[in-house]
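Chemist: Sharing a model that was predicted from the sequence below.
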Amino acid sequence: MIYLKNIDKYYDSKFQRTFVLKAVNLEVKEGEFVSIMGPSGSGKSTLLNIIGLLDAPSAGEYSLYEKSVLDLKEKAKVDYHRNFMGFIFQAYHLIEEMTVYENIETPLIYKGVKSKDRQAMVADLLDRFNMVAKKDLFPQQLSGGQQQLVGIARAIIGKPKLLLADEPTGNLQSTQGEMIMETLKALNDEGMTIIQVTHNEKFAEYGKRIIRLEDGIIRGDKMNKTEFASVKD
Amino acid sequence: MFRNYLKSALRFLKRNKLFAGINILGLSLALAATFIILLFVINELSYNNGYKNRKQIYRVLVNYVDYSGTEAGTDDEAPYALSKSIKDEFSQVKYVARVRNMKGFQIKLKDEFIPIRDAVGSDSQIFKIFDIPVDGDQDNIHDNPNSIVLSRKQAQKFFPDENPVGKEIVALVNDKEEVFLVKGVFDDIRVNSTLQADCFINSTLPLERLNKKFKDENVETNWRSNYWITWLLLNKNADVASLDKQLRELEKKVYGEKDRYDFSVQNLTEVYLNSQEINSSASQGSMKNIRIFSAIALLIIIVAAFNYIILSTAVSTGRAKEIGIRKTNGASIQSIREQLLNESVVLAMLALPIALLLAWQGKPYAEDLFQTKLLIINSNIAIYAVVYMSLTLLIGLASGLYTSSILSKLKVISILKNSAQTGKRKSRVRFALIVVQLVIFCSFISSTLIIRSQYQYALEKDPGYRNKDILFIDMGKSSPDSKAFINSIKSYPNVISAGGAVEALPRLGSLPYNYEHFQDKSKKVSVEILGVDYDFIETMGIHLLEGRSFSREFSSDPEHSFIINEAAVKALGITEPIGKPIDNGKIIGVVKDFNVHSLHSNIPPLMFVVSDAFVLQVAIHHKPGTLKNLLPLIEAEWKKIAPDQPFNFKTVEEYNKEIYTAEKNLSVIISIFTLFSLLIASLGLFGLTLFITTSRTKEIGVKKVLGSSGSTIIYSFLKENFIPVFIASALSVPITWYFMNKWLSNFSYKIPISLWFFAVAFIVAIAVVGATVFFHSWKASRINPVEALRYE
Ligand SMILES: Nc1ncnc2c1ncn2[C@@H]1O[C@H](COP(=O)(O)OP(=O)(O)OP(=O)(O)O)[C@@H](O)[C@H]1O
Ligand SMILES: [Mg+2]
C-alpha cells in the first residue's frame, strides 16, 4: 500500500545542508501495524508527516497503491486526507471551541456526509469508546486519555484505510496509554493499517513491526517478537 | 455547513469576549456616527423631495440691477402684482400663489392668545401647486378675507377631537381681534420643506399690514414693493427658456427700459441647496457642509474598518492551530476560506444592531449639533438598510478575506509544530493599516486646531473699530423713534456715546453703488454705502484719518457730504480727497480701513452717508464693566418709546460670535468626530497590544529568564508602536495642509498654518499610543517567568 524509495529530507541553511532523512526505503502492506522508534530528533515525525502528505520529501519516490503522490495538487491531497487517512497527535489537537461530539463530527462534514448519517456514525463511535455521557463537554473538561480517545474517534470516523499516530500516548500516564494502545490494536484487528511513532518500548510492542530510526537512517526493521511467535504457532 | 460556521463564530466570540467586544464596539461606534451623518446628508439632499410635482414647481427670483446695469443681489420676494400678471398672461403656468408670513398672528384658545409661528398669507392655488391634501372646500378657500385653513396639528390643538370645518375662531391679526371661519384642514407639511405653514390665511391680511407699515405706499399695485414669495406650477412640458422671454417682456412693460428688476425662476429642487447667493429667510442647506460631513463619515468608516481588520486578523492568528487540525481532517482551503469569511461577516453583522441603538441614542444630541431635525423618511429606509448591510458586509468580507488569505496558506505541519510564521507579511500590511488610521487621526486633530484657531482669530482680531464695551440694540419697528431713544440714553453717565446705523458691524448685507473712477472715467467702481447718524463713527471708534466727521452744524451734511475709507480712495483713484466732488456732494473725510464685513471678505471701498432717519441698529459705547447696571436703565428707556416691542440687544462680542457660528459649529462637529476616531483607534490599539502581549507571554517569560529587565521589555514595545506614529504624523502634514488651506481660502483674513498644529497632533497621538501600549507592556513586563513557561 505504501511504498517509499530513497527518500531524502534535508534543510539547507547558509553554510550547510542538514539531512533529517537519508535514503529511507519503506514498504507498508495493508493491515500492518508499524511502530517507529528512535531517539529525539532522528526524523520520526518528519517521516510520518511525509507519509501523511503534510510534508514533502526533498528527494525520492513515494507512492500509494502504486500511484505516485509526490506532485499532487492541493485538491488531491485534500481528497486523501478526507477519504484515505486519519491523524492522531501527541498534543491531541482537538478544536477547543467545539464539543466532543462536534470534534468527532468535523471530518464527516468535510466529506459531505448527510446530517442523519453523521449522527448515527458519531453515536456509534461514542458508544464504542464509552463517551456518550461526555459528548457535550468541551476538550478542556476531559482527562488527557479521554481527549486522546476523542482524537482517535475523530481520526477514524471517516473509516480511513491508514491511521497515522505521532506519539499518541506521549502525554499520558501508562494506564491511559495502555487503553489507547488497546484501542489501536482493536482497530488494527478490524483491518486498519496503522503507523505510530512512540518512545515507549512497551507500547511499541503493540505493533506487528518495529522500525528503528537513527539520524534519519533506518537502522532496524523487524517483526515483533510476539508476532513472530504467533507466526510460528 | 453554515450552521457549523455560525456556531464556531459564536463560540470563538465567547472565548475571545474581550477582543470581539472591543472589535464590535469600535465598529458599532463608527457605524453609529456615520449613520447619523448619513441621516443628515440624506435629509439635506432630500429636502423638498416630498413633493410629487417638484420638477414643475418654481419660485420667482428678483435680481436687483442698479442704474449702471450691474447686478446688486437676488431676492426671493417679488411684487404682489406679479402673480396676477403671470396668471393672466403666462399660458405655461398652471397655478400661481404668492405667500407671505403674517407676523404677530395669534389665535385665541380659551382666554389666551397663542402665537402661530407660520401663519401664511396666500392664495388658494398654493394647495394645488404643492399638492397638499385639504379636508373641506379647496377651491374657494380664500374667498373671504376672514377665512382660515388650519394644519392638522393646529386643528387638533384648537379643536381637540372635533371637526373644525365650519367653526369660528378668534384671532389677533394686525393688532385687531377678528373672527375667522375655518374653511378646511390640511395635512401637516413635513419639516424638510421650504414651504412651512401652521395655517393659511388670505393674502390680503399681510398686504394690509405692509400698507400700514409703509403708510402711503400701495403695496398691492406697486411693482417696486417686493415682499411676496411667488410659487408657480408649470405645465408638464413647459419650456423655461420661453418663460424667461415672457418675463423680459413683462419687465419692459412694467419698469420701462431703465432701472429695473430682472425676474427669473428657480426650480424647487434647487431652492434648498443652491440658494447661497439669494437673500432669503427660508432655511438653506450647504453643499459644502454635506461634502465635509460625508468626507468625515468616510474617514471614520475607514478608521473603523481598518481597526476591525487589524484586530480580527491579529486575534485569528491565534486560531492557526484550529485551522491546521481542520486541514488534517480534510478541510480544503476553499472551505477554510468560507469559514473564516462567514465568521468574520457574522461578527461584523453583530455590530449593526448595536450601531443602530447607539445612533438612536445619539440622534437627539446630533440634532442639536447639526441644528436640524434628523428625519427618518420611510422611503429612504431601504437606502439605509442597503448601505449599511453592504458596508458591514464589505468590512466583514475584507477582514475575512485578508485573514483567510494568511491562515489558509499556512503549512499544516508548521502550525502543528507551533512554529507558524504568521509574522512578516501580515505585520507589514497591519503596519500600513495602523499608519493610515493614525494619519486620519492626526489630520483630524490638526484640522480641529486650525479651525478653532481661525475662529478664535476671527473673534479677537482688531477689526479697526471698537470691539468691546459696545452694546447693539435692534430698533425693529421702532426705528422712527430712534432719535429720541438715543438722546435719552446719552444722558446716563456710564454711556460714553451712542449712535445709530442701518446695520451693526460687521455688517451682513451690502448696498453697492457704482461710481466713476476719478482718473479713468470709463471705469466703474463699486462702492458700498453705509447709512449712519452723526455719532456712529465716533461711537464705534472708527479712526478718522483726515477731514472731519459728520456734524449737525452743517445742514448740507445729510444729502451732500460723504466720508469714505482708504480702500475707496484707492479704488476710485482719488488724490487729495477732501473736498472732491462725488455723487451730488463732496467728500468731507477719510477713515482708516476697518473690517466692514466678517473676515471672509476683503475690506470693500465704503462710503458713509449721514441721516438721523437710517437708524435700525443703535450702538452704545459704555464705560467698561458698567453693562450690568446700565442694561436695566436702557431697557426702561426702551419701554418708554416702545412699550409693546421686544427689547433686542447684543454685545458686540455676542454679535461677533453669531457671525462666525458656522465656523464654530464646524469646529465642534470636527472635534466630536476627532474624539470618535480617537476612541475607535485607541480601542483597536488597546486590543491589539493586549493580544500581542498575551500571545508573547512565553517569549517574554523566556526573555526574563535570560535576564531581560522589565523596562527593556516595555521599551521594545513602545519603540515598535511609536514608529507608525512618527510616519503617520509626517504623512498627515501635507494632507491636512492641502485641505485646510482650501478651507482657509474662504477667509480674506486668516491665520498662517504653522507647524505647532502638527506638533500638537503628534504629541496627542504619541500620548494616546504610549498610554495604551504602556499599560499592557507594563503588565507583560511583570510576568512571572515560571508562570509563563509552565504551559506547554
Ligand atoms: N524547518 C526545519 N528546519 C531545519 N531543521 C528542521 C526543520 N524541521 C525539523 N528539523 C530537524 O529535523 C530533525 C528531525 O525532526 P523530527 O521532528 O522529525 O524528529 P523526531 O524524531 O520526531 O523527534 P522527537 O522524538 O523529539 O519528536 C530535527 O533534528 C529537527 O531539528
Ligand atoms: Mg516527533
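Modeler: All right, it came through fine. Ligands and ions are numbered 1, 2, ... in the order given.

Chemist: which neighbours does whatever helix or strand B:Phe562 lives in have in its sheet, and in what orientation?
Modeler: B:Phe562 is located in strand B:561-565, with elements delineated by DSSP states H and E. Sheet pairing of strand B:561-565 (DSSP bridges) gives strand B:585-591 (parallel), strand B:606-610 (antiparallel).

Chemist: Identify all contacting residues around stretch B:311-322.
Modeler: With contacts defined as C-beta atoms under 8 Å, 6 or more residues apart in numbering or on different chains, stretch B:311-322 is touched by A:93, A:95-97, B:12, B:16, B:19-20, B:22-23, B:26, B:340, B:344, B:347, B:399, B:402-403, B:406-407, B:410, B:415-416, B:418, B:420, B:422, B:426, B:430, B:684, B:687-688, B:691-692, B:695. (C-beta placed from N, C-alpha, C; glycine too.)

Chemist: swap that for stretch B:382-390, please
Modeler: Stretch B:382-390 is contacted by residues B:Leu31, B:Phe35, B:Leu38, B:Leu39, B:Ile42, B:Leu352, B:Ala355, B:Ile376 when judged by C-beta under 8 Å, 6+ apart.

Chemist: deepest of the strands paired with strand B:561-565, which one?
Modeler: Across the strands paired with strand B:561-565, averaging neighbours per residue (mean count of other C-beta atoms under 10 Å in any protein chain shown) puts strand B:606-610 on top, at a mean of 23.

Chemist: Check which helices and strands whatever helix or strand comes next after that strand is in contact with.
Modeler: Scanning forward in sequence from strand B:606-610, with DSSP H and E defining helices and strands, the next element found is strand B:617-622. Counting by 3 or more C-beta pairs under 8 Å, 6 or more residues apart in numbering or on different chains; DSSP states H and E, the packing neighbours recorded for strand B:617-622 are strand B:470-474, helix B:482-490, strand B:495-501, helix B:536-539, helix B:627-641.

Chemist: which residues in chain A form helices?
Modeler: Shown for chain A, the helices assigned by DSSP state H span residues A:44-51, A:74-83, A:100-111, A:115-128, A:144-156, A:174-189, A:201-204, A:225-232.

Chemist: which stretch among those helices comes nearest B:Ser777?
Modeler: With distances scored as C-beta to C-beta, the stretch of the helices of chain A nearest to B:Ser777 is helix A:144-156 (34.6 Å).

Chemist: Geometric centre of chain A: which residue is closest?
Modeler: Averaging the C-alpha coordinates of chain A gives a centre point, and the residue nearest to it by C-alpha atoms, centre = their mean is A:Leu164 (1.2 Å).

Chemist: List the beta-bridge partners for that residue.
Modeler: Per DSSP bridges, the residues bridged to A:Leu164 are A:Phe87, A:Ile195.

Chemist: would a markdown table of the strands paired with strand B:561-565 with mean pLDDT and distance to ligand 1 be doable?
Modeler: Formatted as a markdown table, those follow (pLDDT from 0 to 100; distance: least, C-beta to the nearest ligand atom, whole Å):
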| stretch | mean pLDDT | distance to ligand 1 |
| --- | --- | --- |
| strand B:585-591 | 93 | 86 |
| strand B:606-610 | 92 | 84 |
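
Chemist: Of all the ones you listed, which one comes closest to B:Val170?
Modeler: Taking C-beta to C-beta as the criterion, strand B:606-610 is the member of these that comes nearest to B:Val170, at 46.2 Å.

Chemist: Next, the angle from that closest one to strand B:495-501.
Modeler: Using axes from the mean of the first three to the mean of the last three C-alpha atoms, to 10 degrees, one finds that strand B:606-610 and strand B:495-501 are set 100 degrees apart in direction.

Chemist: For strand B:606-610, what is the distance to the chain centroid?
Modeler: Strand B:606-610 has its average C-alpha position 34 Å from the chain's average C-alpha position, going by C-alpha atoms, centre = their mean, to the nearest Å.

Chemist: which residues are in contact with that strand?
Modeler: Where contact means C-beta under 8 Å, 6+ apart, the residues beyond strand B:606-610 that reach it are B:513, B:527-534, B:537, B:550, B:557-558, B:561-565, B:567-568, B:582, B:591, B:596.

Chemist: cutoff 6 Å now
Modeler: Surrounding strand B:606-610, the residues in contact under the criterion C-beta atoms under 6 Å, 6 or more residues apart in numbering or on different chains are B:527-532, B:550, B:557-558, B:562-565, B:568, B:596.

Chemist: Contacts for the strand holding B:Phe562, please.
Modeler: With contact meaning C-beta under 6 Å, 6+ apart, strand B:561-565 is reached by B:Ile582, B:Gly585, B:Ile587, B:Ile588, B:Gly589, B:Val590, B:Val591, B:Asp593, B:Leu606, B:Met607, B:Phe608.

Chemist: Next: stretch B:672-692.
Modeler: Identification of contacts with stretch B:672-692 by C-beta under 6 Å, 6+ apart yields B:19, B:22, B:26, B:29-30, B:33, B:296, B:300, B:303-304, B:307, B:310-311, B:314-315, B:437, B:441, B:444-445, B:448, B:768, B:772-773, B:776.

Chemist: if we can go back for a sec, need the helices and strands packed on strand B:617-622 in a markdown table (columns: mean neighbour count, distance to B:Leu731 and mean pLDDT).
Modeler: Output for these, formatted as a markdown table (neighbours: other C-beta atoms under 10 Å in any protein chain shown; distance: least, C-beta to C-beta, whole Å; pLDDT from 0 to 100):
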| stretch | mean neighbour count | distance to B:Leu731 | mean pLDDT |
| --- | --- | --- | --- |
| strand B:470-474 | 21 | 46 | 92 |
| helix B:482-490 | 18 | 58 | 90 |
| strand B:495-501 | 23 | 50 | 92 |
| helix B:536-539 | 23 | 52 | 93 |
| helix B:627-641 | 15 | 49 | 90 |
